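> Can you look at this prediction? I've put the sequence above it.
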Amino acid sequence: MSRVCQLTGKKVMVGNNVSHSKRRTKRRFLPNLKTKRFYLESEDRWITLRVSAAAMRTIDKLGLENALKKFEKKGQI
């Protein structure tokens, strides 16, 4: 399973570890993904999504269906 948020599209980023001597080595920044079940009232069923912590906060704020519409409009779903 790839490390991509199913709502926001956040994925792994690449950067550098920088030591005290300014030597740079490659590193990966992983998104904060969690597998979570959400209840979809319109379809009366549970869905499981792999979402980032930021997407969970958005779902808490807007509700699942509005969050799905918001991210669908941006072309991220």
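Right, received. Where do you want to start? The shown structure was predicted, so the numbers you read here are calculated from the model rather than taken from an experiment. Residues are numbered from 1 along each chain as shown.
> all helices for this structure, in order.
Under the criterion DSSP state H, the chain contains helices at 53-62, 64-73.
> distance of the residue nearest to residue 42 when sequence neighbours are not counted from residue 73?
Nearest non-adjacent residue to residue 42, counting by CB to CB, 6 or more residues apart in numbering: residue 65, 6.3 Å away. All C-beta spots, glycine's among them, are computed from the backbone N, C-alpha and C. The spacing between residue 65 and residue 73, counted by CB to CB, to the nearest Å, is 13 Å.
> circling back to that earlier point, confirm for me that the residue nearest to residue 42 is in contact with residue 38.
No - the pair residue 65 / residue 38 is not scored as a contact, 9.9 Å apart, by CB atoms under 8 Å.
> Give me the more crowded residue out of those two.
residue 38 (17 against 14; other CB atoms under 10 Å).
> Can you list the low-confidence ranges for the protein?
76-77 (pLDDT under 70).
> do that again at 90, thanks
1-2, 71-77 (pLDDT under 90).
> hang on, the earlier thing: export the helices of the chain as a markdown table, with columns for distance to residue 18.
Converted to a markdown table, those look like this (distance: least, CB to CB, whole Å):
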| stretch | distance to residue 18 |
| --- | --- |
| helix 53-62 | 26 |
| helix 64-73 | 34 |
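> closest one to residue 8 among those helices?
helix 53-62 (5.0 Å; CB to CB).
> And for the nearest residue to residue 59 once chain neighbours are set aside, the neighbour number?
The shortest distance from residue 59 to any non-neighbouring residue, by CB to CB, 6+ apart, is to residue 67 (4.6 Å). Burial of residue 67 is recorded as 21 neighbouring residues (other CB under 10 Å).
> For residue 67, give me its contacts.
With contact set as CB atoms under 8 Å, 6 or more residues apart in numbering, residue 67 has these partners: 7, 55, 58, 59.
> if I pick the second one, what's in contact with it?
Residues in contact with residue 55 (CB under 8 Å, 6+ apart) are 5, 7, 8, 10, 67, 71.
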